[in-house]
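Novice: pasting the sequence and the predicted coordinates here, then a few questions.
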Amino acid sequence: MGVYSEHHRRSITDPEGFWGAAATKLTWYDDPVRVLDSARPPFHRWFPDGRINTCFNALDRHVAAGHGDRTALIHDSPVTGTHATRTYAQLRDETARFAGALRDLGVGRGDRVVIYMPMVPEAVVAMLACARLGAVHSVVFGGFAPRELALRIDDARPKVVVSASCGIETARVIPYKPLLDEALGLAEHTPDACVVLQRPQARAELSSIDVDWDAVTETAVPAECVPVAATDPLYVLYTSGTTGRPKGVVRDNGGHAVALVWSMTHVYDIGPGDVWWAASDVGWVVGHSYIVYAPLLVGATTVLYEGKPVGTPDAGAFWRVIADHGVKALLTAPTAMRAIKKADPDAQLLAGHDLKTFRCLFLAGERLDPDTYDWARTVLGVPVIDNWWQTETGWPIAANPRGLEPMAVKPGSPTVPMPGYDLRILDPSGRECAPGQEGAIALRLPLPPGTLPTLWEDDDRYEESYLSRFPGHYLTGDGGYVDEDGYVFVMGRTDDVINVAGHRLSTGAMEVVASHPDVAECAVIAVRDALKGHVPRAFVVLKSTASTDADRLREEIVRDVRTRIGAIASLKDVTVVEALPKTRSGKILRGSMRDIANGGEGKPPATIDDPAVLEKLRQVLRKETAC
């Protein structure tokens, strides 16, 4: 039995032994004697009698071990033209002082703090300061719409809100304070205070409830770490709900820290002193897990990037960051690679950047299409590793364990389930599917450490949303299959499975249209058809170097799909668009597109990046309908 297989087998058959051993990599105030509490299923809790502090493990213990001079954080901001670094000792001291400031404002163990900030070091400091006090942070993506911010404020009921005067998106300065003020006007809950970091690009006018970050920090006495129960919440992170009301995903302290140390070491092969870059935002789960907590927990250096894959200043920005800071591995979304590929398909902007330290590219957040995989692998010359997980799980469900036993890559697959995840493919009746047969991807309970124990103050909604469809299982909402070698293939959300004349086909499988040499990215959706039930429709964005005329492009794509999948796919409609509508995290809004194409309004989620893109698509489809 291979190393991976033995680890996964033991994690399923002896979870207490497996995760108990993993917990010894952390420093505890009270070592956990009990590893797993399953007395109240389906609510399983990890390390229930342990006491820990996440901030101590991320900062103080490294300083105490003599590594205070090691670089903890690199802030690279092409939108402001600045770079800054903080050692572990500096970040510890800054965090302790801001924790003291929060304490002076009345924040204590169990209190909530909403953080509404751009990609600046102070955002990381604020998160760690909450963890230091045993408070619960809830980070909201900077610049989020006031109504959505108000919903989160009312649900979390924070004692304090921490914000900044502005954020910067490429060449555009976005004042945050007016958005925050509007949100507070809409919310029923009023925090005791709002701490505002003043940025020179757009200073804010403070009101009676506001306090200046610098002023409140200057007079604060540094706070020590507060021991908390391993099962106490570290943070609440809101994700979209089907009812329109956001779901507050809870992350506990103990299980979270154990899982992130295991995954950082064994999945991403990152350890003390390595330079790691997760090109995401602290407002997303990737930012929580792999910008802030995981790299600091293992003593690595984390890069905090305030910029875009393209436009700050060009499609060579990522290569410049890797070269400048000696990055060993990068984790980002396939969308970022597709944006770079579209703007610079021949990777000409890679020239002149020395990537000698670069060892691996990890991609997550959405399905990695084979064409993007091939492009990235070819131009970078390093392994390109897909991994699949969710806001709810907090760390990869399926991945290629580079630090444990690197495995052969199969394009289109995030490889195999990680330890603790008992992954099953279930048919509509709940029976397990045979290898190669598509079904709903479910995870047999208990979920491993680091995953959500429940939703914020809503156990009933947790059960209804995730556990009711297949008793004893967590329903991921994604569909796919496992092949004969145990590799997982995630084909998309289960509502992206279409029924064409009685044949169930995944739209993900049909996104082979992206392999056309002129296509930068694509989305395939299901459109209702009176004869066949549904038929697929493809929307494609072309590379800047595209030379094929539209009619010929459509013919070639239709032919490719027919050759690879078969005539039953019935793909005949291919529309060229300037851009695809996406969330701020880069996920394509296939659900909204599908609704519009079928005559609905296609109401966008609160996380939409650019509403104008969706509106343009709506106009295209309405024009076609009118004709």
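Specialist: Thanks, I have it.
Novice: show me where pLDDT drops low in the stretch 201-350 of the chain?
Specialist: Along the stretch 201-350 of the chain, segments meeting pLDDT under 70 span 241-244.
Novice: mind listing the strands for it?
Specialist: 210-212, 228-229, 233-239, 247-252, 275-278, 301-305, 329-332 (DSSP state E, counting those that start in this stretch).
Novice: export the ones you listed as CSV, with columns for distance to residue 381 and mean neighbour count.
Specialist: Using the backbone N, CA and C atoms, a C-beta is placed for each residue, glycine as well. Output for the strands of the stretch 201-350 of the chain, formatted as CSV (distance: least, Cβ to Cβ, whole Å; neighbours: other Cβ atoms under 10 Å):
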stretch, distance to residue 381, mean neighbour count
strand 210-212, 48, 17
strand 228-229, 45, 22
strand 233-239, 35, 25
strand 247-252, 36, 25
strand 275-278, 18, 24
strand 301-305, 21, 24
strand 329-332, 14, 23
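Novice: I'd like the distance between residue 402 and residue 271.
Specialist: Distance from residue 402 to residue 271, counting by Cβ to Cβ, to the nearest Å: 12 Å.
Novice: who has more neighbours, the two?
Specialist: More neighbours surround residue 402 than the other of residue 402 and residue 271, with 21 against 15 (other Cβ atoms under 10 Å).
Novice: what about the stretch 501-627 of the chain, any weak spots by pLDDT?
Specialist: For the stretch 501-627 of the chain (pLDDT under 70), the answer is 501-506, 530-532, 565-568, 624-627.
Novice: picking that back up, now distance to residue 569 too, for the strands of the stretch 201-350 of the chain, in TSV please.
Specialist: Listed next are the strands of the stretch 201-350 of the chain as TSV, based on distance: least, Cβ to Cβ, whole Å:
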stretch	distance to residue 569
strand 210-212	57
strand 228-229	53
strand 233-239	32
strand 247-252	34
strand 275-278	36
strand 301-305	39
strand 329-332	30
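Novice: and the ones you listed: which comes nearest residue 11?
Specialist: Of all the strands of the stretch 201-350 of the chain, strand 247-252 sits nearest to residue 11, with 18.4 Å by Cβ to Cβ.
Novice: and stretch 35-49, C-alpha only, in CSV?
Specialist: Only the C-alpha atoms of stretch 35-49 are listed here, as CSV (Å, rounded to 0.1, in the frame of the first residue of the first chain):
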residue,chain,number,x,y,z
VAL,A,35,-10.1,13.6,19.7
LEU,A,36,-13.6,13.2,18.3
ASP,A,37,-17.0,13.7,20.0
SER,A,38,-19.8,12.0,18.1
ALA,A,39,-22.3,12.0,21.0
ARG,A,40,-24.7,14.3,19.1
PRO,A,41,-24.8,13.2,15.5
PRO,A,42,-24.8,14.7,12.9
PHE,A,43,-22.9,17.4,14.9
HIS,A,44,-19.5,15.9,15.3
ARG,A,45,-16.8,18.0,17.2
TRP,A,46,-13.1,17.7,17.1
PHE,A,47,-10.7,17.9,20.2
PRO,A,48,-13.6,18.9,22.5
ASP,A,49,-11.5,19.0,25.7
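Novice: tell me which stretches of the stretch 101-250 of the chain form helices.
Specialist: 121-133, 146-156, 177-186, 213-218 (DSSP state H, counting those that start in this stretch).
Novice: mean pLDDT for the ones you listed: which is lowest?
Specialist: Among the helices of the stretch 101-250 of the chain, helix 146-156 carries the lowest mean pLDDT, at a mean of 92.
Novice: please compute how far it lies from its chain's middle.
Specialist: Its chain's C-alpha centre and that of helix 146-156 lie 20 Å apart, by Cα atoms, centre = their mean, to the nearest Å.
Novice: neighbouring contacts of it?
Specialist: Contact with helix 146-156 is made by 112, 114, 116, 136, 138, 140, 161, 179-180, 182-189, 191, 236, 238, 245-246, 248, 456-457, 606, as judged by Cβ atoms under 8 Å, 6 or more residues apart in numbering.
Novice: so which residues of the stretch 401-550 of the chain form strands?
Specialist: Ranges of strands in the stretch 401-550 of the chain, per DSSP E, counting those that start in this stretch, are 416-417, 422-426, 439-444, 473-482, 488-493, 497-500, 503-506, 519-529, 533-542.
Novice: any chance of those in a markdown table, with distance to residue 28 and mean neighbour count too?
Specialist: What follows is the strands of the stretch 401-550 of the chain, written out as a markdown table (distance: least, Cβ to Cβ, whole Å; neighbours: other Cβ under 10 Å):
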| stretch | distance to residue 28 | mean neighbour count |
| --- | --- | --- |
| strand 416-417 | 28 | 23 |
| strand 422-426 | 27 | 20 |
| strand 439-444 | 27 | 22 |
| strand 473-482 | 27 | 22 |
| strand 488-493 | 33 | 22 |
| strand 497-500 | 45 | 19 |
| strand 503-506 | 44 | 18 |
| strand 519-529 | 46 | 22 |
| strand 533-542 | 50 | 21 |
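Novice: save these as a markdown table, and put in distance to residue 220 too.
Specialist: Shown next, in a markdown table, are the strands of the stretch 401-550 of the chain (distance: least, Cβ to Cβ, whole Å):
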| stretch | distance to residue 220 |
| --- | --- |
| strand 416-417 | 45 |
| strand 422-426 | 46 |
| strand 439-444 | 43 |
| strand 473-482 | 42 |
| strand 488-493 | 46 |
| strand 497-500 | 54 |
| strand 503-506 | 54 |
| strand 519-529 | 47 |
| strand 533-542 | 49 |
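Novice: so which of these comes closest to residue 356?
Specialist: Between the strands of the stretch 401-550 of the chain, strand 519-529 lies closest to residue 356; by Cβ to Cβ that is 28.6 Å.
Novice: for the closest one, which strands pair with it and how are they oriented?
Specialist: Here strand 519-529 has these sheet partners by DSSP bridges: strand 533-542 (antiparallel).
Novice: buried set for the helix or strand that the partner strand is followed by?
Specialist: Using DSSP states H and E, the helix or strand that follows strand 533-542 in sequence is helix 550-564. For helix 550-564, burial by neighbour count (16 or more other Cβ atoms under 10 Å) applies to 553, 554, 556, 557, 558, 561.
Novice: between which two of the residues you listed is the distance greatest?
Specialist: 553 and 561 (12.8 Å).
Novice: give the buried residues for stretch 597-607.
Specialist: 597, 602, 604, 605, 606, 607.
Novice: what's the closest of the strands of the stretch 401-550 of the chain to residue 19?
Specialist: strand 422-426 (13.7 Å).
Novice: now the closest one: average pLDDT?
Specialist: Rounded mean pLDDT across strand 422-426 is 98.
Novice: who are the packing partners of it?
Specialist: Applying 3 or more Cβ pairs under 8 Å, 6 or more residues apart in numbering; DSSP states H and E, one finds that strand 422-426 contacts strand 439-444, strand 473-482.
Novice: quick revisit: list just the nearest of the buried residues of stretch 597-607 to residue 227.
Specialist: Closest to residue 227, out of all of the buried residues of stretch 597-607 and judged by Cβ to Cβ, is residue 607, at 35.3 Å.
Novice: could you find the closest non-adjacent residue to the closest one?
Specialist: residue 583 (4.1 Å; Cβ to Cβ, 6 or more residues apart in numbering).
Novice: chain neighbours aside, what residue packs nearest to the spatially most central residue of the chain?
Specialist: Among the residues of the chain, the one closest to the centroid is residue 286, at 3.6 Å (Cα atoms, centre = their mean). Leaving aside its chain neighbours, residue 286 sits nearest to residue 280 (3.8 Å; criterion: Cβ to Cβ, 6+ apart).
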